[in-house]
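Visitor: Got a predicted structure plus its sequence, pasted below:
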Amino acid sequence: MLDAVLEHQPETKAGTAPGLRLRVAVATKEGARVDLHFGHAEVFSVYDVDAQGARLVAARAIAEHALNEDEDPRQTIYRMIADCQVLLVAKVGAAPQEALAQIGVEATNFYAGKSVDEALAELYAAKKAAAEDTALDAGEFALMHAMLRVADLDRSIAFYTQQLGMRVLERREHKKNQFSQAYLGYAPGFGGMTIELVQNWQREEAYVAGDAFGHIAIQVNDIMRLCDRLAAAGVSMPRPPRAQRHGENIVAFIADPDGYRIELVQAPQPDQTAALEEAKQL
């Protein structure tokens, strides 16, 4: 069905019409909803979106764009949607999300489960509002944690708890990504500033002070609007907003002028919780 539609809709370049115009790739099974994992999609529907609405301009298949049979499918995807500003998916890993961000494509699962028409309309409205928005309400923002990479997690936990009186608030073992993680602090629960300690299992050489620092984290409200605003201001965003696999938080990473990473974290709003739960089933 897509092929029949495309015969009458020649491909256009984003940015040629006056006003805001977006080119958006969508991972969708049948064109109805944002319902495919980045790694499972074989065809991406590409739309041009402006004030007049969304128009389907291409259906790009990995098989048709691969340079040869041996090319990594991810590399094919990166190349064939490089002219898009945004990629909408049901799920996406941190690694491909960052790779896409490096070529200027914002991959997000924020619209997972929504109809394509609804998702594109909301996306355009958000980007348009961000381009016109100069106000920032940080009244409820708060510093959350600073992350340090350590050589021996147990040794570091012993230091911060026994020598500085902190308590372990949470500890996780990430077998798939090969690292251990612990949060330590003074206040019960996660009240107040905490330290996140990370031990990468494959790391053998000792860390030096410079590469041991990971990032600082800030709790924010309305993360999508904030990130749209930051993007419109030209702020580097290595990892656009994405719902976390191990929790309900929506997380993004930006970089300050010196390249230090800042993690932006938002707990899901009530109207987002149902959509995120539905996305997990896709």
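Guide: Okay, I see it. Numbering: from 1, shown residues only.
Visitor: Keeping just the C-alphas, turn stretch 113-128 into CSV.
Guide: Only the C-alpha atoms of stretch 113-128 are listed here, as CSV (Å, rounded to 0.1, in the frame of the first residue of the first chain):
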residue,chain,number,x,y,z
GLY,A,113,2.2,3.5,21.0
LYS,A,114,0.6,6.7,19.6
SER,A,115,-0.9,6.9,16.2
VAL,A,116,1.5,8.3,13.6
ASP,A,117,-0.8,11.2,12.9
GLU,A,118,-1.1,12.2,16.5
ALA,A,119,2.6,11.7,17.2
LEU,A,120,3.7,13.9,14.2
ALA,A,121,1.2,16.6,15.2
GLU,A,122,2.4,16.7,18.8
LEU,A,123,6.0,16.6,17.7
TYR,A,124,5.6,19.6,15.4
ALA,A,125,3.6,21.6,18.0
ALA,A,126,6.4,20.9,20.6
LYS,A,127,9.2,21.9,18.2
LYS,A,128,7.4,25.1,17.1
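Visitor: All the strands of this protein, residue numbers only.
Guide: Secondary structure of the chain by DSSP state E: the strands cover 22-26, 43-50, 53-61, 86-88, 106-108, 142-149, 167-174, 179-185, 194-200, 213-219, 239-243, 250-255, 261-266.
Visitor: Format the ones you listed as TSV; extra columns: mean pLDDT and mean neighbour count.
Guide: Any C-beta I mention is one placed from the backbone N, CA and C, and that applies to glycine too. Conversion of the strands of the chain to TSV gives the following (pLDDT from 0 to 100; neighbours: other C-beta atoms under 10 Å):
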stretch	mean pLDDT	mean neighbour count
strand 22-26	98	23
strand 43-50	97	22
strand 53-61	97	17
strand 86-88	97	26
strand 106-108	95	24
strand 142-149	91	17
strand 167-174	94	13
strand 179-185	95	19
strand 194-200	93	20
strand 213-219	88	18
strand 239-243	91	22
strand 250-255	92	21
strand 261-266	90	19
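Visitor: Look up how far residue 71 lies from residue 169.
Guide: For residue 169, the distance to residue 71 equals 44 Å [C-beta to C-beta, to the nearest Å].
Visitor: Centre of the chain to stretch 152-171, how far?
Guide: Centroid separation between stretch 152-171 and its chain, computed with C-alpha atoms, centre = their mean, to the nearest Å, is 30 Å.
Visitor: In it, which residues are buried?
Guide: Of the residues in stretch 152-171, 153, 156-157, 160, 166, 169 count as buried by neighbour count, 16 or more other C-beta atoms under 10 Å.
Visitor: Those in helices, which ones?
Guide: When the buried residues of stretch 152-171 are checked against helices using DSSP state H, the ones located there are 153, 156-157.
Visitor: Quick check: beta-bridge partners of residue 216?
Guide: Under DSSP bridges, the beta-bridge partners of residue 216 are residue 146, residue 262.
Visitor: hang on, isn't it packed against residue 145?
Guide: Yes - using C-beta atoms under 8 Å, residue 216 and residue 145 qualify as a contacting pair, with a distance of 7.3 Å.
Visitor: partner residues bridging residue 87?
Guide: The partner list for residue 87 in beta bridges (DSSP bridges) reads residue 25, residue 107.
Visitor: pretty sure it contacts residue 23?
Guide: No - between residue 87 and residue 23 there is no contact under C-beta under 8 Å: 10.2 Å.
Visitor: Relative to residue 83, how far out is residue 60?
Guide: Counting by C-beta to C-beta, the gap between residue 60 and residue 83 amounts to 10 Å.
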